[in-house]
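Novice: Mind looking at a prediction? Sequence and model below.
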Amino acid sequence: MRLILPIIVLSQFLCTSLWFAGNSIVADIARDLGLGQDFLAHQTSMIQFGFISGTLVFAILAVSDRFSPSLVFFASALLAGLFNLGISINDITSLQILLFRFLTGFFLAGIYPVGMKIASDHYEKGLGKSLGFLVGALVLGTAFPHLLKDLLQGFPWKYVIYITTSLSVLGGLSIFLFVPDGPFRKVGQKIKLTAFLSGFKNPDFRAASFGYFGHMWELYTFWAFVPIILASYNALYPAANLNVPLYSFAIIASGGLACMISGWISQWYGVKKIATLSLLFSCLCCLASPIFLFSSFPMLLVAFLFLWGIVVVADSPLFSTLVAQNAPASTRGTALTVVNCIGFSITILSIQLVNSLTGMFNSQYIYMILAIGPLLGLAALLKKKPGKKTLMVVS
């Protein structure tokens, strides 16, 4: 069915709009509850922690390998949307918000990696291109709440929550009604508590995974702090008057197109090569950030952030492709899930580290620390393996 991939992509976009729904309205929540700037980092870390916990449970129980991935996606979309809606409860406390963010993240584990599993069950050839569109949808979904926030100025912040919850339900229904289990799906019948580790015996799988881990050290911290960077610039140069929600959306969303393009061109130049180049360019952006973050020319800052927003995520679908290709077929869904679990665990460390350094050091240089991940990822990807061929690429 030719519409399978567009439906998966659209559903991924709709459901992952839950991810940064809280981030887009964090200033309003902080104002209403009298919270400090640290709440952004805590809220972001909590949804990441929920996602990590969910991926670990899904991986150990091999949920997407033992049960219909479409059904798992549908149920997760409904539950994630329900807990996202919990933020809109009247007289909510900060602890309750963090709990609801955790639970939303937990069930996002049944959406993002399971969506990749569904795509890999339908497409063996051209998987890099397919996952490029899928991760591009995740990026757009992640950015979308910032656009909603800009469009809904003058309305209560709860409207962002109502809309993203509705989108998640619609995305789950689309998968359930129109996307059957794929022809390349292999069902895992039993729970094997060590199955989620089996892929790491393959050196190509390890290299792809470690490259992905380095990429994740940088990615979500950059996304989380884009509004902070823009707001800080406005505070330093009030005349700039940058539209923080709109620019935050555009900068993050630009990576969605980059994912689609990188997945497409990887068919000709190779998945590993394009992933490595993207990781290298994003590393250079980390190192060059002090030059641009406090430039007196606002459009120079914006142009740099757009470039960074493009290269920081262009490699994401390619790493997912390499992981999926080199994982054991019977545990592919579990392998994708556990790699996601480890990768998102790394994001919490990075987010909290950057947050803790804010105010302690000159903020012009803080984001250079994000280069650590890409540097380690590049070392893993470029390491020569005696007697081994390079990672499989999409033909």
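Specialist: Received it, and whenever you're ready, just let me know what you need.
Novice: In the strand or helix carrying His215, which residues are buried?
Specialist: According to DSSP states H and E, His215 maps onto helix 203-236. Judged by neighbour count using 16 or more other Cβ atoms under 10 Å, the buried positions of helix 203-236 are 204-234. Every residue, glycine included, has its C-beta placed from N, CA and C.
Novice: Now do that helix: which elements does it pack against?
Specialist: Under the contact definition 3 or more Cβ pairs under 8 Å, 6 or more residues apart in numbering; DSSP states H and E, helix 203-236 sits against helix 38-60, helix 244-269, helix 271-292, helix 298-311, helix 316-326, helix 332-357, helix 372-382.
Novice: and Gly110, what does it touch?
Specialist: Gly54, Phe58, Val63, Ser64, Val72, Phe73, Ala75, Ser76, Ala77, Leu79, Ala80 (Cβ atoms under 8 Å, 6 or more residues apart in numbering).
Novice: Quick one: which of those has the lowest pLDDT value?
Specialist: Among those, Ser64 carries the weakest pLDDT, at 78.
Novice: Tell me where the stretch 1-150 of the chain has strands.
Specialist: Counting by DSSP state E, counting those that start in this stretch, the stretch 1-150 of the chain has no strands to list.
Novice: Could you list the low-confidence segments of the stretch 251-395 of the chain?
Specialist: 329-330, 333, 385-395 (pLDDT under 70).
Novice: ok, now with 90
Specialist: 260, 263-271, 294-295, 317, 320-342, 344, 357-364, 383-395 (pLDDT under 90).
Novice: hang on, the earlier thing: among the helices and strands packed on helix 203-236, which is the most enclosed?
Specialist: helix 316-326 (a mean of 28; mean count of other Cβ atoms under 10 Å).
Novice: Kindly calculate the angle that it makes with helix 203-236.
Specialist: On the basis of axes from the mean of the first three to the mean of the last three Cα atoms, to 10 degrees, helix 316-326 is oriented at 160 degrees to helix 203-236.
Novice: can you list contacts of helix 316-326?
Specialist: By Cβ under 8 Å, 6+ apart, the residues outside helix 316-326 that reach it are 116, 120, 127-128, 131-136, 139, 199, 202, 204-205, 207-209, 211-212, 215, 219, 259, 262-263, 266, 271-272, 274-275, 278, 332, 335-336, 339, 391-392, 394.
Novice: List the contacts of the nearest residue to Ser24 once chain neighbours are set aside.
Specialist: Nearest non-adjacent residue to Ser24, counting by Cβ to Cβ, 6 or more residues apart in numbering: Pro145, 3.7 Å away. Residues near Pro145 by Cβ under 8 Å, 6+ apart: Ser17, Phe20, Ala21, Asn23, Ser24, Ile25, Val160, Thr164.
Novice: Quick check: the farthest pair among these?
Specialist: Ser17 and Ile25 (12.8 Å; Cβ to Cβ).
Novice: The two: which is more packed in?
Specialist: Just comparing Ser17 and Ile25: by other Cβ atoms under 10 Å the higher neighbour count belongs to Ser17, 29 against 25.
Novice: Just to check, that one is in contact with Leu167?
Specialist: Yes. Counting by Cβ atoms under 8 Å, Ser17 touches Leu167, with 5.1 Å between them.
Novice: Name the nearest of the contacts of Pro145 relative to Ala41.
Specialist: Asn23 (10.2 Å).
Novice: Next up, the contacts around the closest one.
Specialist: Leu40, Gln43, Thr44, Pro145, His146, Ala224, Pro227.
Novice: roughly how far apart are it and Thr44?
Specialist: Here Asn23 is placed at a distance of 6 Å from Thr44 (Cβ to Cβ, to the nearest Å).
Novice: between the two, what contacts are shared?
Specialist: By Cβ under 8 Å, 6+ apart, the residues touching both Asn23 and Thr44 are Ala224.
Novice: just the helices in the stretch 51-200 of the chain please.
Specialist: For the stretch 51-200 of the chain, the helices defined by DSSP state H, counting those that start in this stretch cover 63-66, 69-85, 94-108, 112-122, 127-151, 158-178.
Novice: Tell me which of these sits nearest to Leu349.
Specialist: Once Cβ to Cβ is applied to the helices of the stretch 51-200 of the chain, the stretch that comes out nearest is helix 94-108, at 15.9 Å.
Novice: which residues make contact with that closest one from outside it?
Specialist: Where contact means Cβ under 8 Å, 6+ apart, the residues beyond helix 94-108 that reach it are 15-16, 18-19, 22, 29, 33, 35, 39, 42-43, 46-54, 57, 76-77, 79-80, 83-84, 86-87, 89.
Novice: Go again with 7 Å.
Specialist: Helix 94-108 is contacted from outside by 18-19, 22, 29, 33, 35, 39, 42-43, 46-51, 53-54, 76, 79-80, 83-84, 86-87, using Cβ atoms under 7 Å, 6 or more residues apart in numbering.
Novice: same deal with stretch 31-44?
Specialist: With Cβ under 7 Å, 6+ apart, stretch 31-44 has contacts from 22-23, 26, 29-30, 94, 97-98, 101, 224, 351-352, 355.
Novice: Take stretch 243-250, keep the C-alpha atoms, and write them as CSV.
Specialist: Once non-C-alpha atoms are left out, stretch 243-250 reads as follows in CSV (Å, rounded to 0.1, in the frame of the first residue of the first chain):
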residue,chain,number,x,y,z
ASN,A,243,10.2,36.3,18.5
VAL,A,244,11.3,33.4,20.8
PRO,A,245,8.4,30.9,20.2
LEU,A,246,8.4,31.4,16.4
TYR,A,247,12.2,31.3,16.0
SER,A,248,12.4,28.3,18.3
PHE,A,249,9.9,26.4,16.1
ALA,A,250,11.6,27.4,12.9
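Novice: how about the contacts of Pro145 in JSON lines, adding pLDDT?
Specialist: Shown next, in JSON lines, are the contacts of Pro145 (pLDDT from 0 to 100):
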{"residue": "Ser17", "pLDDT": "97"}
{"residue": "Phe20", "pLDDT": "94"}
{"residue": "Ala21", "pLDDT": "95"}
{"residue": "Asn23", "pLDDT": "93"}
{"residue": "Ser24", "pLDDT": "94"}
{"residue": "Ile25", "pLDDT": "94"}
{"residue": "Val160", "pLDDT": "96"}
{"residue": "Thr164", "pLDDT": "98"}
